[in-house]
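> Have a look; sequence and predicted model below, questions after that.
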Amino acid sequence: MSEPTGAVPDVVGRIGERLSERYRGIFNAQTVQAVVDGSYLLLARDAKVTQFLPSLTAHFAGDRLAALARADGLVPSETPSVLFVCIENSGRSQLAAAAMRAMAGDGVIVMSAGSQPAVRIAPAVAEVLDEVGIPVVDEYPKPLTEELVRGAEYVITMGCGDACPVLPGRRYEDWPIADPSGAGRAGMRVTRDAIIAHVEGLLAEIRADRAGRG
């Protein structure tokens, strides 16, 4: 997955400077800026973000750099990591990511992405999660990138076909959960409950895997 090219505004350079300080001694400034520039262009092009693009760029680039650092063994991490992927990263993968964060807390690094990301998270997602006391905070649809896959131990796909790269050393699962788009609030609740059940099972497996390694 190559980085897109194009012009970026001055604020993207300032984001790169801040992240270069955060990752000093891990990545050089050129690597960080390339990831930041690419993140801005991916969000503007693939996710079609139109609001708060600079702040979302900082968030997305930070996630990608963190995943890359884990994948390359540049930072120590004993915490398991999971990537949830669906087509638009606006429904199923957001439901799964929110459920895992609520259940696992800091015990699991959680990421999500979409093969064809939407402009925004479906409003019903936050509504049906709120009904069971699970928040969706500071989340947004984001493109699937190779760093996110490389930085995950568990890659969970839902309806995105072959879009997700298959890399060695990762555990892949495809959950047969239908896209709830157009199914209304009742349909979203059914999807939510199915995903929560799957997440509970996955979390139990992750904990069992960790206990076995101990």
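Here it is on my side, so go on. Nothing here was measured: the structure is a model prediction, and the numbers come from that model.
> Just the C-alpha atoms of whichever helix or strand Leu68 is part of, please, in CSV.
According to DSSP states H and E, Leu68 maps onto helix 53-71. The C-alpha trace of helix 53-71 is given here as CSV (Å, rounded to 0.1, in the frame of the first residue of the first chain):
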residue,chain,number,x,y,z
LEU,A,53,-9.1,17.2,8.9
PRO,A,54,-5.8,18.4,10.6
SER,A,55,-6.7,17.0,14.1
LEU,A,56,-7.9,13.7,12.5
THR,A,57,-4.6,13.6,10.6
ALA,A,58,-2.6,13.9,13.8
HIS,A,59,-4.7,11.0,15.4
PHE,A,60,-4.5,8.7,12.3
ALA,A,61,-0.8,9.3,11.8
GLY,A,62,-0.1,8.6,15.4
ASP,A,63,-2.0,5.3,15.2
ARG,A,64,0.0,4.3,12.1
LEU,A,65,3.3,5.2,13.6
ALA,A,66,2.5,3.3,16.8
ALA,A,67,1.5,0.3,14.8
LEU,A,68,4.7,0.5,12.8
ALA,A,69,6.8,0.8,15.9
ARG,A,70,5.2,-2.3,17.4
ALA,A,71,5.5,-4.3,14.1
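> can you give me the strands for the protein?
Ranges of strands within the chain are 81-86, 109-114, 154-158, 171-174, based on DSSP state E.
> Can you give the distance of the second one from its chain's centre?
Average the C-alpha atoms of strand 109-114, do the same for its chain, and the two points are 2 Å apart (C-alpha atoms, centre = their mean, to the nearest Å).
> Name the surrounding residues that touch that strand.
Under the contact criterion C-beta atoms under 8 Å, 6 or more residues apart in numbering, strand 109-114 has outside partners 47, 63, 67, 70, 77, 79-90, 93-94, 96-97, 100-101, 104, 139, 141-145, 148, 151-152, 160. Quick note: C-beta positions are derived from backbone N, CA and C, even for glycine.
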